[in-house]
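In: Generate a structure from the sequence data that follows.
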Amino acid sequence: MELLHYKVLVLALDPALKPVLGPFFVAERFEADWVRTVEKGAENLIKNHYDLVIGDLNLGHDKEGGLDLLKRLRVRDQNLPFVVIADQESLARSVEAINLGVAGFLKKPLNLAEIEETLRRAIRYHKSRFQKNQLVNYQMTNLYQAVIKSSEASSLKLLDTVDNLIELIYPEEYDSFPDLKMAIYEGLANAVEHGNLKNVNKNIFFQIHLKMDRILVQIKDEGAGFDAQKVTDTGEEAKHRGLGLIKHLMDEVSFNHKGNEINLLKLLASGPKG
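Out: Predicted structure coming up:
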């Protein structure tokens with residue numbers, strides 16, 4: 001991970017988090033403020049400038065947690081990246097967090113590789129969300145196809161295009177798709193980083209088919225692939241490519257035999273109106 005000189009606010013009570021995150025912040029030159037309550041976190045956000053907020057969803061029974069801090073933050077700032085820490089018990093609330101706008105998830109117990117990848121994505125997404133990068137070889141109808149280079153800038157530009165397409169096809173349901181957009185973002189990031197190993201000479205092939213009752217997405221890289229069935233059978237999705245989160249967000253997730261193509265299915269409650 002490149003050296004980033006950023007200031008981070010962390011809302012957490014779990015004693016197991018600081019020994020993992022703390023040394024990482026020091027190594028990467030992050031300046032971190034730790035708070036134990038939502039009230040203190042909200043106060044700090046008003047007084048200080050932060051480049052990233054990290055919040056544990058579960059601070060204990062009957063206590064406000066990361067979701068409450070995220071709600072307060074979004075009232076005054078729609079853009080500051082917020083990364084959620086979730087355990088199995090609080091994972092079900094992740095969809096509500098996505099609706100409020102989150103830049104990533106960390107699942108307990110924390111994994112150093114996942115921390116590095118998630119925080120880097122969160123900050124780069126925030127920095128690069130308005131970057132422009134030309135897409136090649138695409139056509140836009142209800143079936144949209146694109147071939148992009150293996151770079152985060154290309155992925156972010158593609159996400160902007162997909163976002164505009166969804167708003168065009170489903171104008172009244174537009175706010176109902178944060179789960180789909182998060183899953184596509186994770187899939188593209190996996191294709192860049194794990195599939196093509198950040199080789200800018202390799203392409204990513206993207207396709208989205210917008211139907212009345214469902215949306216189908218296909219993301220394919222030019223990498224060696226992996227044994228998706230083995231990962232599923234051994235229950236290791238949370239440790240590999242964010243598959244646990246993607247499967248939680250989508251109605252159906254499948255891979256080709258080689259493991260270099262992921263297919264996502266989102267079912268719609270009703271077709272687009274108008």
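In: Need the phi and psi values for the closest residue in space to H209 that isn't next to it in sequence.
Out: Counting by C-beta to C-beta, 6 or more residues apart in numbering, the nearest residue to H209 once its immediate chain neighbours are dropped is L216, at 4.3 Å. All C-beta spots, glycine's among them, are computed from the backbone N, C-alpha and C. Recorded main-chain torsions at L216 are phi -110, psi 130, according to degrees, to the nearest 10.
In: distance between the ends of stretch 32-46?
Out: With C-alpha to C-alpha, to the nearest Å as the measure, stretch 32-46 spans 16 Å from end to end.
In: show me where the stretch 51-200 of the chain has strands.
Out: 52-56, 82-86, 104-107, 136-140, 143-149 (DSSP state E, counting those that start in this stretch).
In: returning to that earlier point: tell me, how many neighbours does the residue nearest to H209 end up with?
Out: 15 (other C-beta atoms under 10 Å).
In: what residues are up against it?
Out: The contact partners of L216, by C-beta atoms under 8 Å, 6 or more residues apart in numbering, come to Q207, I208, H209, N263, L264, L265.
In: Are we agreed that the first one is in a helix?
Out: Yep, that's Q207 we're talking about. No. Counting by DSSP: H, G, I helix; E, B strand; the rest coil, Q207 falls outside a helix, being strand.
In: Test my guess that it contacts V147.
Out: No. Applying C-beta atoms under 8 Å, one finds Q207 not in contact with V147, separated by 10.0 Å.
In: so where's the stretch 1-150 of the chain shaky on pLDDT?
Out: Scanning the stretch 1-150 of the chain for pLDDT under 70 picks out the ranges 1-5, 91-93, 125-141.
In: As a check, name the ranges of all helices in this protein.
Out: In the chain, the helices defined using DSSP state H lie at 18-27, 38-47, 66-76, 94-100, 112-128, 152-169, 178-190, 228-233, 243-249.
In: Which residue is the nearest non-sequential neighbour of N260?
Out: G225 (3.9 Å).
In: just checking, the one you found touches K258?
Out: Yes. Taking C-beta under 8 Å as the contact criterion, G225 and K258 are neighbours in contact, 4.0 Å apart.
In: higher neighbour count, these two?
Out: Neighbour comparison, G225 and K258: the larger count goes to G225, with 17 against 13 (by other C-beta under 10 Å).
In: Just the pLDDT at the more buried one, thanks.
Out: pLDDT, G225: 90.
In: ok, it - contacts?
Out: With C-beta under 8 Å, 6+ apart, G225 has these contacts: G195, N256, K258, G259, N260.
In: Filter those down to the buried ones.
Out: The neighbour-count test (16 or more other C-beta atoms under 10 Å) marks G195, G259, N260 as buried among the contacts of G225.
In: The residue nearest to the first one when sequence neighbours are not counted bridge partners, please.
Out: I take that to be G195. Distance criterion C-beta to C-beta, 6+ apart; nearest residue to G195, sequence neighbours excluded, is D221 at 3.1 Å. Taking DSSP bridges as the rule, D221 bridges to I204.
In: so D221 touches S150, yeah?
Out: Yes. In this structure D221 lies within contact range of S150 using C-beta under 8 Å: 7.4 Å.
In: Among those two, which residue is more densely surrounded?
Out: The residue with more neighbours, out of D221 and S150, is D221; 26 against 23, by other C-beta under 10 Å.
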